[in-house]
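1. Sequence unavailable; structure follows:
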């Protein structure tokens with residue numbers, strides 16, 4: 001084995017035994033009297049040696065002890081790619097990249113201790129408890145998935161690596177900027193948008209669709225004749241039934257007529273979900289409505305908040321695609337009265353126009 005490569009590790013020579021060796025955490029491993037062979041042994045078993053274990057003497061070493069952070073994250077991402085929504089998978093990918101960067105790609109998962117996660121907590125916290133809570137849950141989901149399938153032993157996080165409590169989250173929500181749009185804000189922003197973005201925005205407001213819902217919406221589920229979209233929410237796979245306003249139908253029909261790729265399965269032509277968010281942000285800027293809290297997701301917040309005024313939370317939940325554990329809701333939503341859904345939807349529409357006629 002060539003030794004001129006400066007990236008190769010350096011071995012020490014132990015004169016008393018005549019062996020080349022490497023010391024890790026105060027423990028010396030003797031690797032042999034031939035330097036090239038000793039170096040090859042070190043590279044081959046480096047992960048085990050760094051754990052303080054000599055695999056040449058122990059029959060108890062398994063893949064569970066040797067799985068590195070990079071390999072574990074790649075295994076999780078490869079297996080889960082077709083099982084979860086694209087946006088969710090991308091958020092896991094981002095978190096895995098940050099984990100590998102922080103701890104190092106060759107770090108054995110079995111070597112992680114509560115002290116490691118205490119340092120990770122300080123690294124992840126950015127003043128936003130909601131964001132931090134999501135990061136903690138994603139990190140734990142990766143390691144839990146690996147442990148449940150016996151790729152690693154259960155990870156010990158310690159008592160401090162946990163999401164913020166409900167009180168912290170409530171305090172954070174109270175301190176946030178207004179997430180709902182006023183009727184004037186929404187209508188002025190809508191008037192500044194192109195055909196595709198305008199159709200997407202009306203659908204976001206009318207049906208509570210998020211950017212990923214808009215991006216992945218199949219053309220086949222847009223029912224112009226019955227003015228409804230029946231399609232599970234991408235994020236939760238929860239059933240949703242969304243009555244469409246006449247204004248929304250018109251915006252969707254105009255886009256459907258002029259869109260370029262008539263043969264595609266997706267209704268919209270955005271290249272990704274981020275394009276939806278950015279397109280709305282451009283409209284906000286052109287309308288002179290820039291403020292904290294004004295985003296495409298504000299359309300969904302406004303629908304959810306205003307829709308509560310119709311006093312039919314079950315119908316509102318079905319429109320929004322919110323998860324509910326009620327057995328009754330789970331098994332009987334397919335028989336949910338359309339008139340109740342229409343009543344909630346019309347309540348929001350009347351609030352939007354405030355007695356004015358739509359343009």
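-> Great, that's in hand. Worth saying up front: this structure is predicted, and the values here are computed from it rather than measured.
2. Run through this protein and note the low-pLDDT ranges.
-> By pLDDT under 70, the low-scoring segments of the chain are 1-8, 51-53, 57-65, 127, 168-169, 171-177, 262-263, 323-336, 355-359.
3. domain assignment for it?
-> Using automatic domain parsing, the domains assigned to the chain come out as 12-61, 69-175, 183-353.
4. The longest one: end-to-end distance?
-> Meaning domain 183-353. From its first residue to its last, domain 183-353 covers 7 Å (Cα to Cα, to the nearest Å).
5. Show me how far it is from its chain's centre.
-> Centroid displacement of domain 183-353 relative to its chain, using Cα atoms, centre = their mean, to the nearest Å, is 20 Å.
6. quick revisit: just put the domains of the chain in JSON lines and tack on mean neighbour count.
-> All C-beta atoms are positioned from the backbone trio N, CA, C, and that covers glycine. Shown next, in JSON lines, are the domains of the chain (neighbours: other Cβ atoms under 10 Å):
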{"stretch": "domain 12-61", "mean neighbour count": "14"}
{"stretch": "domain 69-175", "mean neighbour count": "15"}
{"stretch": "domain 183-353", "mean neighbour count": "17"}
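7. Determine the longest helix present in the chain.
-> Looking across the chain with DSSP state H, the single longest helix is helix 129-148.
8. any idea where the helices of the stretch 151-300 of the chain begin and end?
-> 166-175, 183-190, 195-207, 211-216, 246-258, 273-286, 297-307 (DSSP state H, counting those that start in this stretch).
9. any chance of the ones you listed in CSV, plus distance to residue 102?
-> Supplementary listing: those in CSV, determined by distance: least, Cβ to Cβ, whole Å:
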stretch, distance to residue 102
helix 166-175, 23
helix 183-190, 39
helix 195-207, 35
helix 211-216, 27
helix 246-258, 44
helix 273-286, 25
helix 297-307, 29
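10. closest one to residue 39 among those?
-> Across those, residue 39 has its closest neighbour in helix 273-286 (47.1 Å, Cβ to Cβ).
11. Which neighbouring elements make contact with the closest one?
-> Packing partners of helix 273-286 (3 or more Cβ pairs under 8 Å, 6 or more residues apart in numbering; DSSP states H and E): helix 183-190, helix 195-207, helix 211-216.
12. Distance to residue 155 added to these, as CSV?
-> Shown next, in CSV, are those (distance: least, Cβ to Cβ, whole Å):
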stretch, distance to residue 155
helix 183-190, 45
helix 195-207, 39
helix 211-216, 30
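13. tell me the contacts of the closest residue to residue 238 other than its chain neighbours?
-> Distances taken as Cβ to Cβ, 6 or more residues apart in numbering put residue 321 closest to residue 238, at 4.6 Å, once the chain neighbours are dropped. By Cβ atoms under 8 Å, 6 or more residues apart in numbering, the residues touching residue 321 are 208, 232-233, 235-236, 238-240.
14. can we see that at 10 Å?
-> Neighbouring residues of residue 321 by Cβ atoms under 10 Å, 6 or more residues apart in numbering: 207-210, 213, 231-242.
15. try residue 160
-> Residue 160 sits next to 114-115, 117-118, 121-122 when contact means Cβ under 10 Å, 6+ apart.
16. show me where the stretch 1-150 of the chain has helices.
-> Using DSSP H, counting those that start in this stretch, the helices of the stretch 1-150 of the chain run over residues 35-44, 46-50, 63-66, 69-80, 86-103, 114-124, 129-148.
17. Next, format the ones you listed as JSON lines and append distance to residue 275.
-> Listed next are the helices of the stretch 1-150 of the chain as JSON lines, based on distance: least, Cβ to Cβ, whole Å:
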{"stretch": "helix 35-44", "distance to residue 275": "46"}
{"stretch": "helix 46-50", "distance to residue 275": "42"}
{"stretch": "helix 63-66", "distance to residue 275": "42"}
{"stretch": "helix 69-80", "distance to residue 275": "24"}
{"stretch": "helix 86-103", "distance to residue 275": "13"}
{"stretch": "helix 114-124", "distance to residue 275": "28"}
{"stretch": "helix 129-148", "distance to residue 275": "22"}
